[in-house]
Structure formats: structure tokens, C-alpha cells
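In: Provided below are the primary sequence and the corresponding predicted coordinates.
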Amino acid sequence: MTRLAAKHDAVNLAQGFPDFACPKELKDAAAKAIDEDFNQYSVTWGAPILREAIAKKARIYNKIEADGDKNVVVTCGTTEAMVCAQLAILDPGDELIVLDPHYENYVPDAIISGAKPRYLELAQENEFALDEEEIKRAFNSKTRGIVLNTPLNPTGKVFEKKELKLIADLCNDYDAVCFSDEIYEYILYDGAKHVSIGSLPSMRERTVTISGFSKTYSVTGWRVGYATASVRLTNAIKKVHDFVTVGAPHPLQIACAKALSLPDSYYERLRSDYDQRRMTLLSSLEEVGLRCIKPRGAYYIWSDFSGLDSKSTDTEFAMRMLKRNRVAAVPGSSFFQGGRGSKNIRFTFSKKIETIEEACLRLKSLQR
Ligand SMILES: Cc1ncc(COP(=O)(O)O)c(C=O)c1O
């Protein structure tokens, strides 16, 4: 959709990356790191200064005990952390539970690892709440892991503590690992709180907590992320990571350590700016007749267009909107297996307020 948006001169509300600058402190820190010659390989599992900063952040923000030497692997983005963790832990024949809808990388990661994805549907009618009976049915003797993503791309759901507890109990019963993608952990609204499943006492040894710098600091092109886990799991992930990429870009790792020292006011501002963008887009989409879920986290709005158009598929609707209104969004079915999401499209609001306002203006004629 990003390529098509460029071709049709459309406002790109499809792919989740900012069109605004990252913090100046980060640019300066990256330039300084290059100037100071952090230009060769770092320790393969991450520059010590960054691993220390990540461990401190894990202890304070995520409430997970971590040591920079023993429990952290720095990777090329959250993307690499997830695939390396799955490669390290899953064996051919294992099953990996994937919640549906999901971010599209988890299933290819499982397949590359030789594991079989087993889908667990979150009901759209029920605002994607986790159903106790369904999840109990999904776990079985072959289950080696489950992927969790909170806040959730594409719907903005923030998992409740009782849902996390349910997943934790089943992971314990079946000796399974939770791969927890928490990349949107700082982007929250309406008083929502981020809880890391790895902070639940029974989950310390069986969670790989994954996050990164792309979204929180608006540096999706830097490709720096990380995994935090027990010593045993970390050692396995370190080895895979070494063979897959050797290491993340060294000067940018140094700059990311600086990012983790930004004051609380940075995160407050991040949230209030995103909240303004969220409410601007949400009210426009609802005004033109899309039924939307108000996200509690992340930077996406999940919408249902069936009230406007009962005949088109998600792809047909998105393509028409792209060509007629010149606004790009992602067809909903790309987040599901087996045909669900065919009446949905996902919009991102990770854009300047002017960009969102321009999109809102263009969408005014969507009904007609
Ligand atoms: C849920 C989720 N995980 C991971 C990523 C990719 O993160 P990174 O840039 O750190 O590889 C994205 C990007 O959109 C995402 O939405």
C-alpha cells in the first residue's frame, strides 16, 4: 500500500511509520557516535552501555528483573528479536499459538522455525477479548509457545491483567514459552496501563519480552530492538542472533542508550500528541460512516466499512478509496487467516496532525 500510495499521490495512512522527525537528542547522539568512531562491530549481543540501559528500563518500566550481561540481546529491530527467539526455542513439530488478528510476521517466523502455527480467534463482536474456553482448547501437548502482542496491532487492544493471567496459567500447565511483542508499550490512551506478562512471577523463566526503538522514538529506519529473557533462553537467542545478523548498527545502539535516558516528560508528550492524532482521525472516520474501535494503545484505528458498502471486499474498498479519495489504508484480511477481516480496513495515525487533517478532508466524500 505504501508503494501504491506513492503512485497515486495518496496520503499514506497504511504503513505504521511516522512522517515527523525523531527527537533531536537522538540525531545528535547518533552523529556523535559516528564521529567518536563507534563504527565497527559491537559485541554481537549488543553494546554494553545499551544492554545496561535496557536492563534498567526492564526493571523500572516492565517490572522484570534483568541484568544487562545475562538477560538482554540487542537485535536489528523487534522483527529480528522475534524471529531469532522463535528459531532458538521452537523445534520442528512444535505448535505456536498465534492470536488472530495479528501482526503479519509471526506466522512466517514460525514456519521458518519449522513450527506449526495454531490460530486462536479473538471475536470482533466482543472487541477482541480473549475467550477462556477457546484458549484452553488451543493449548495441547504439542504447544511450545504463544505469541502475545500488547498493545495489539491492528486493533489497539491493550490486554487486561486477567487475560495475561489466563495465558500465564496455561503456559505453566503446558510448559510453554510466551513470545511477547511489546513494541507499542509506551503508546497508551485513556489511562490504559501496560503490563508485561514477563513480570508475572510464574512467567519469569518462560517469557521472551521483545521491544524496540522504532515506534517509541520514531526511528523505524534505525533497526534497533531487543529481547529480554531468562539466562537459559537468552543464551539460545544470542547464538541464533550471532549467526543471523552478527549485530545491530553500533553507532545507533549508542544513540538508543541515550534515548532510554530521556525524561518522563518525553513519554507524556508522546502520548498526548498521539492522543490528539487519534481523536482527530477517529471523529472523521466515524463522521463519514465507518464503524471504528477506539484504540486504547498503539497507533492504529480498526474500522468496519459494511455500513457504507455491503458488497465490496476489503481490498476492493481500500483500492477504491486509494484511487478516488487518495488516502491509503490496509485491507483488514491481511491481519487474519482464512478470510476474516474482509469488511475491515486499518488506518494508522502515526503522522503529523496536518497529514491527518488532509486525509480527513479527502475522506469527506467517502460516502458518495
Ligand atoms: C506489532 C509489531 N511488531 C513489530 C513491528 C516491527 O518492529 P521493528 O521496526 O522494531 O522491527 C511492528 C511494525 O509495524 C509491529 O506493528
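Out: Sure, I can see it.

In: Who are the contact partners of G332?
Out: P101, P154, W302, D314, R340, G341, S342, K343, N344, I345, R346 (C-beta atoms under 8 Å, 6 or more residues apart in numbering). For the C-beta atoms, the positions are set from N, CA and C on the backbone; glycine is no exception.

In: How about K351?
Out: K351 neighbours (C-beta under 8 Å, 6+ apart): V11, N12, L13, P18, D19, F20, R277, A359.

In: now do N105
Out: T79, M82, V83.

In: What residues does the protein have near the ligand?
Out: Contacts of the chain with the ligand, taken as C-beta under 6 Å from any ligand atom, map to 16, 77-79, 103, 149, 153, 181, 183, 212, 214, 220, 225.

In: which of those residues sit farthest apart?
Out: Using C-beta to C-beta, the two most remote members of the residues of the chain next to the ligand are N149 and T220, lying 16.7 Å apart.

In: the more surrounded of the two?
Out: Taking other C-beta atoms under 10 Å, N149 and T220 do not tie; N149 has more neighbours (25 against 17).

In: Would you mind measuring from the more buried one to I112?
Out: Going from N149 to I112 by C-beta to C-beta, to the nearest Å gives 18 Å.

In: and after the strand or helix carrying L166, which helix or strand comes next?
Out: Using DSSP states H and E, L166 sits in helix 161-174. For helix 161-174, the following helix or strand on the C-terminal side (DSSP H and E) is strand 177-181.

In: tell me which strands and helices that following strand is in contact with?
Out: Judged by 3 or more C-beta pairs under 8 Å, 6 or more residues apart in numbering; DSSP states H and E, strand 177-181 is in contact with helix 77-89, strand 143-149, helix 161-174, strand 207-212.

In: The same query, at a cut-off of 10 Å, please.
Out: Here strand 177-181 touches helix 77-89, strand 95-100, helix 106-112, strand 143-149, helix 161-174, strand 207-212, strand 225-228, going by 3 or more C-beta pairs under 10 Å, 6 or more residues apart in numbering; DSSP states H and E.

In: longest helix anywhere in this protein?
Out: helix 264-287 (DSSP state H).

In: Please write out the alpha-carbon positions of it in CSV.
Out: This file holds the C-alpha atoms of helix 264-287, laid out as CSV (Å, rounded to 0.1, in the frame of the first residue of the first chain):
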residue,chain,number,x,y,z
ASP,A,264,9.3,11.1,31.8
SER,A,265,8.0,14.3,30.1
TYR,A,266,9.1,12.8,26.7
TYR,A,267,6.7,9.9,27.1
GLU,A,268,3.9,12.1,28.4
ARG,A,269,4.3,14.3,25.3
LEU,A,270,4.4,11.2,23.1
ARG,A,271,1.1,10.1,24.5
SER,A,272,-0.7,13.4,24.3
ASP,A,273,0.5,14.1,20.7
TYR,A,274,-0.7,10.6,19.7
ASP,A,275,-4.0,11.1,21.5
GLN,A,276,-4.7,14.3,19.6
ARG,A,277,-3.9,12.5,16.3
ARG,A,278,-6.1,9.5,17.4
MET,A,279,-9.2,11.7,18.2
THR,A,280,-8.9,13.8,15.1
LEU,A,281,-8.8,10.7,12.8
LEU,A,282,-11.4,8.8,14.8
SER,A,283,-14.0,11.5,14.7
SER,A,284,-13.6,12.0,10.9
LEU,A,285,-13.8,8.3,10.2
GLU,A,286,-17.0,7.9,12.3
GLU,A,287,-18.5,11.0,10.7
